[in-house]
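Participant: Kindly generate the corresponding structure for this input.
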Amino acid sequence: MILYKQNYDPVTLSLDLEGASLKKDLEKTRIALDVAYSGFNNCTDFDLIDSYVYEISALQRRYHYLTSLLEEARPVASPKKRRFILPPSLFQRKRSHH
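Facilitator: Below you'll find the model as predicted:
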């Protein structure tokens with residue numbers, strides 16, 4: 001009797017560091033993580049529970065790694081130059097009341 005069947009093969013989750021492929025790998029990892037959480041929630045065997053815990057941990061690390069790669073791959077925008085405009089009241093002389 002099969003309690004839960006996974007819809008992905010972990011071997012096919014290879015890494016490609018291209019921008020579009022990286023997004024696809026991130027999506028595959030997110031789906032695999034959802035599947036692992038679902039399997040964990042539906043599991044009753046202690047050995048399978050341990051297996052899902054390790055699998056979820058590994059997928060979470062992979063997901064964080066991929067998100068960090070994606071953030072590094074984004075082009076950094078040059079900071080905009082800010083102009084500070086001082087209010088004219090700072091340049092007005094205060095009149096003495098003598």
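Participant: would you list every one of the strands in this protein?
Facilitator: Shown for the chain, no strands are assigned by DSSP state E.
Participant: Output the below-cut-off pLDDT ranges for it.
Facilitator: 1-19, 75-98 (pLDDT under 70).
Participant: mind listing the helices for it?
Facilitator: 19-42, 46-73 (DSSP state H).
Participant: highest average neighbour count across those helices?
Facilitator: Ranked by mean neighbour count, the helices of the chain are led by helix 19-42 with a mean of 15 (mean count of other C-beta atoms under 10 Å). Just so you know, the C-beta spots here come from the backbone N, C-alpha and C atoms, and that holds for glycine as well.
Participant: With only the CA atoms kept, save that one in CSV.
Facilitator: Output of helix 19-42 as CSV, limited to C-alpha atoms (Å, rounded to 0.1, in the frame of the first residue of the first chain):
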residue,chain,number,x,y,z
GLY,A,19,19.1,33.6,-14.9
ALA,A,20,16.0,32.0,-16.5
SER,A,21,17.1,28.4,-15.6
LEU,A,22,17.8,29.6,-12.0
LYS,A,23,14.2,30.7,-11.7
LYS,A,24,13.0,27.4,-13.0
ASP,A,25,15.2,25.5,-10.6
LEU,A,26,13.9,27.7,-7.8
GLU,A,27,10.3,26.9,-8.8
LYS,A,28,11.1,23.2,-9.0
THR,A,29,12.7,23.3,-5.5
ARG,A,30,9.6,25.1,-4.2
ILE,A,31,7.3,22.5,-5.6
ALA,A,32,9.5,19.7,-4.3
LEU,A,33,9.4,21.4,-0.9
ASP,A,34,5.6,21.6,-1.0
VAL,A,35,5.5,17.9,-1.9
ALA,A,36,7.9,17.0,0.9
TYR,A,37,5.8,19.0,3.4
SER,A,38,2.6,17.2,2.1
GLY,A,39,4.3,13.8,2.5
PHE,A,40,5.4,14.7,6.0
ASN,A,41,1.9,15.8,7.0
ASN,A,42,0.4,12.6,5.6
